[in-house]
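J.: Pasted the sequence and its predicted model underneath.
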Amino acid sequence: MEFSLEQPNLKTIQSSFTHELRAESMEKGEKLMHHKEHQMQESFYKQLGIVMQEYDEVLLFGPTEAKVELFNRLREEKACSHIHFSLRQADKMTENQQQAFVREFFRKPVVHEMLDHQQKKS
């Protein structure tokens with residue numbers, strides 16, 4: 001979701017690993033299913049990284065640890081080194097709730113509690 005003070009410009013990128021594909025892979029074996037899931041997740045994260053390269057500040061939020069996994073992957077990529085990432089735990093939300101969450105986050109003064117692991121590693 002791209003944020004502007006007026007109306008958010010939504011860019012939706014969805015993982016192509018659906019429940020149907022998972023069930024189909026499970027029929028062929030659990031090992032194959034996990035391999036396929038990993039391949040599709042890597043492709044999905046790569047797509048997200050390409051889109052995020054356009055921005056200087058990115059908010060990753062949600063109920064799972066996927067945001068941390070994505071952050072850890074992207075912080076290693078040189079093309080994303082200019083991005084200031086913020087990570088927030090959040091419950092599952094509707095699209096309207098997501099927009100309100102993002103709007104509220106970016107309305108606050110730029111004293112975000114940023115997780116900047118790059119500085120900690122230096």
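T.: Arrived safely, thanks for sending.
J.: in the protein, which helix or strand is least confident?
T.: Among the helices and strands of the chain, helix 117-121 carries the lowest confidence by mean pLDDT, DSSP states H and E, at a mean of 44.
J.: Can you give me the first-to-last residue distance of stretch 85-102?
T.: 13 Å (C-alpha to C-alpha, to the nearest Å).
J.: try stretch 69-80
T.: First-to-last residue span, stretch 69-80, C-alpha to C-alpha: 15 Å.
J.: State the mean pLDDT of that stretch.
T.: Averaged over stretch 69-80, pLDDT sits at 91.
J.: biggest helix in this protein, by residue count?
T.: helix 30-52 (DSSP state H).
J.: Direction included, what does the next helix or strand after that helix pair up with?
T.: Beyond helix 30-52 on the C-terminal side, the first helix or strand identified by DSSP states H and E is strand 57-62. Sheet pairing of strand 57-62 (DSSP bridges) gives strand 84-89 (parallel).
J.: relative to strand 84-89, how tilted is whatever helix or strand comes next after the partner strand?
T.: Next helix or strand after strand 84-89 toward the C-terminus (DSSP H and E): helix 95-107. For helix 95-107 against strand 84-89, the angle by axes from the mean of the first three to the mean of the last three C-alpha atoms, to 10 degrees is 130 degrees.
J.: which strands and helices sit next to helix 95-107?
T.: strand 57-62, strand 84-89 (3 or more C-beta pairs under 8 Å, 6 or more residues apart in numbering; DSSP states H and E). From N, CA and C alone the C-beta is placed, and that goes for glycine too.
J.: domain parsing for the protein?
T.: What automatic domain parsing lists as the domains of the chain is 15-52, 55-122.
J.: and these, which one's lowest on average pLDDT?
T.: Minimum mean pLDDT among the domains of the chain: domain 15-52, a mean of 75.
J.: re earlier: in a markdown table, list the domains of the chain along with mean neighbour count.
T.: Converted to a markdown table, the domains of the chain look like this (neighbours: other C-beta atoms under 10 Å):
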| stretch | mean neighbour count |
| --- | --- |
| domain 15-52 | 13 |
| domain 55-122 | 13 |
